[in-house]
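S.K.: I would like to see how this sequence folds:
(one chain, ligands or ions: 1)
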Amino acid sequence: MAGSTRPYNFAPGPAAIPEAVLREAAAEMLDWHGCGVGVMEMSHRGKEFTQIAAAAEADLRELLAVPAHFRILFLQGGGLGENAIVPMNLSRGGQVDFVQTGSWTKKSIAEARRYADVAIAASNAGSADSAIPDPATWKLRDGASYLHICSNETIDGIEYHVLPDLAALGSKAPLVIDCSSHILSRAIDWSRVGLAFAGAQKNIGPAGLTIVIVREDLLGHALPITPSAFNYQVIADNGSMYNTPPTWAIYIAGLTFKWITAQGGVAAMDARAAEKSALLYAALDATDFYVNRVAPSSRSRMNVPFFLRDESLNDAFLAGAKERGLLALKGHKSVGGMRASIYNAMPVDGVHALVSWLHDFAENHG
Ligand SMILES: *Cc1c(COP(=O)(O)O)cnc(C)c1O
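M.R.: Just a heads-up that it's a prediction; the model follows:
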C-alpha cells in the first residue's frame, strides 16, 4: 500500500476504517470479483452475496472464538435499537438488572423500562472518579432474566477490563454486554456472556449493521409485540436474511475482519490497544495542563476523554490539531472537553502524532 497522506481521524463513531479496507472497497466498487456489478447492487440472496455474508460470519466467529452454541446475527437498528430489542427478546416481561456506568447504560435503562421491570444493581453516578463499581457490591435479583452492562462506555471513557463472573456472584442471570465501542479490541470470555451486541460504526465498519452474538438457549422467548424483523429466533432461523440485511455494511465488515486477521487477529488488536492507550494516558498524566477524571483501573483503551485545565484554550487546541491533520477531537456535547477515540483502525503513529501535539500545545500555553 502506498504511504498515506490522509489525516488521523479520532472520531467516536462513525469512525475511521482501515485505509486498506477503503482502498479494496473502492477498487471493487463497480465490479465485485468479475461478476459485473458492485456489492451494493446485487441480490442479498444471490450466490455472490451469500458467499460474502457467510465469509464475514465465519471470520468473525474465528476472530472472537465464538463457541458453536452461540449464534451470530446481522441486524439493523444500531446499538440504541438493541436497547429495546434485547428486552423484547430476553426479558420475558419480567425483571432486568443493570449496572449504570455512564451515558450509554443510562440510555439503555430508560429504553428497557418500557418492556421490563428494571432495577439498578449498582451505579457510579456521582462518584468523583467514575470507576466501575466492584461486582462484589452489586445487588443482583434472583429473578432477573439478565443483567445488562456496557463493557465500554464510549462517551465517558470507562471500560471493563475483565467481564464480571455472574455465576461466581451467585447469580444465574445471563450477562448481556453492549460492546459496541470495543468489540474486536480484546478477547471475549464467552463462558461469562449470554449475549453481546455491537453497532458496527465504531470498530467494524459503516453504520447500519448491528451484530448480535447470542447463546442459543436464550432464543425463542420474544414478547408477542416483538417485530418479526427483530425477533432473534426468526433472524437466526433465516440466517440473518429474513428481510434484506444491510448488505454493503456486511461486506465492509467482512473486509475489516480479513484485515484484522491479517494484522494478527484480536490478540494483535489487544496489544496495539494497550500500547496506544498507554502512550496517550501517559502523555495526559505527565502534566496537570490536561485532566482525565476516570479511575485508572477503569480507563477505556478505545475512548479517551480529557479536558484542558484552562478551557478557554479549547478552540485553539482543536484548530491547531486540525492543522496537524488530527481530526475530530472535540468531546461529546454532554461532557465537553476533548475525546480521542483510538479504535483498531487508528495506527500507533496517529497516537504518536497526537501525543506530540499534546506536548507542544502545553509547552506553548502552559
Ligand atoms: C454508539 C453506541 C451505541 C449506539 O449506537 P447507534 O447505532 O447510534 O444506535 C450504543 N452503545 C454504545 C456503547 C455505543 O458506543
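S.K.: return the set of buried residues in the longest helix that the chain contains.
M.R.: Looking across the chain with DSSP state H, the single longest helix is helix 265-285. Across helix 265-285, burial judged by 16 or more other Cβ atoms under 10 Å covers 265-266, 269-270, 272-273, 276-277, 279-281, 283-284. Just so you know, the C-beta spots here come from the backbone N, C-alpha and C atoms, and that holds for glycine as well.
S.K.: quick one, strands of the stretch 51-200 of the chain?
M.R.: With strands called from DSSP state E, counting those that start in this stretch, the stretch 51-200 of the chain shows them at 70-75, 95-100, 117-123, 144-150, 152-153, 158-159, 175-178, 195-199.
S.K.: quick check: which of these is buried the most?
M.R.: strand 152-153 (a mean of 30; mean count of other Cβ atoms under 10 Å).
S.K.: just checking, what packs against it?
M.R.: Contact analysis of strand 152-153 by 3 or more Cβ pairs under 8 Å, 6 or more residues apart in numbering; DSSP states H and E lists helix 103-112, strand 158-159 as its packing neighbours.
S.K.: out of the buried residues of helix 265-285, who's nearest the ligand?
M.R.: Nearest to the ligand among those is residue 273, at 15.6 Å by Cβ to the nearest ligand atom.
S.K.: which parts of the stretch 151-300 of the chain sit against the ligand?
M.R.: In this structure, the stretch 151-300 of the chain approaches the ligand at residues 154, 178, 180, 181, 199, 202, judged by Cβ under 6 Å from any ligand atom.
S.K.: pick out the most distant pair among these.
M.R.: The most widely separated members of these, counting by Cβ to Cβ, are 178 and 202 (11.0 Å).
S.K.: next, residue 233: secondary structure please.
M.R.: helix (DSSP: H, G, I helix; E, B strand; the rest coil).
S.K.: going along the chain, name the helices of this structure.
M.R.: With DSSP H as the criterion, the chain has helices spanning 19-27, 47-63, 78-90, 103-112, 232-237, 247-263, 265-285, 314-323, 348-365.
S.K.: which other helices and strands does the fifth one contact?
M.R.: Going back to what we said before, that points to helix 232-237. The helices and strands touching helix 232-237, judged by 3+ Cβ pairs under 8 Å, 6+ apart, are strand 70-75, strand 210-215.
S.K.: in JSON lines: those strands, plus distance to residue 231 and mean pLDDT.
M.R.: Listed next are the helices and strands packed on helix 232-237 as JSON lines, based on distance: least, Cβ to Cβ, whole Å; pLDDT from 0 to 100:
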{"stretch": "strand 70-75", "distance to residue 231": "10", "mean pLDDT": "98"}
{"stretch": "strand 210-215", "distance to residue 231": "12", "mean pLDDT": "98"}
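S.K.: right, and those - which one's nearest residue 337?
M.R.: The nearest among the helices and strands packed on helix 232-237, by Cβ to Cβ, is strand 210-215 at 28.9 Å.
S.K.: which other helices and strands contact the closest one?
M.R.: Strand 210-215 packs on strand 70-75, helix 78-90, strand 195-199, helix 232-237, going by 3+ Cβ pairs under 8 Å, 6+ apart.
S.K.: got a list of contacts for stretch 14-22?
M.R.: 1, 4, 6, 8-10, 201-203, 205-207, 252, 255-256, 259, 341, 343-346 (Cβ atoms under 8 Å, 6 or more residues apart in numbering).
S.K.: tell me which residues of that stretch come out buried.
M.R.: Neighbour-count burial for stretch 14-22 [16+ other Cβ under 10 Å]: 15, 16, 17, 18, 20, 21.
S.K.: same check, this time on stretch 22-38
M.R.: By 16+ other Cβ under 10 Å, the buried positions in stretch 22-38 come out as 24, 25, 32.
S.K.: mind putting the helices and strands packed on strand 210-215 into CSV with distance to residue 61?
M.R.: Converted to CSV, these look like this (distance: least, Cβ to Cβ, whole Å):
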stretch, distance to residue 61
strand 70-75, 6
helix 78-90, 19
strand 195-199, 13
helix 232-237, 14
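S.K.: can you pull the residues of the stretch 1-150 of the chain lying near the ligand?
M.R.: So far as Cβ under 6 Å from any ligand atom goes, the stretch 1-150 of the chain lies against the ligand at 13, 78, 79, 80, 81, 104, 150.
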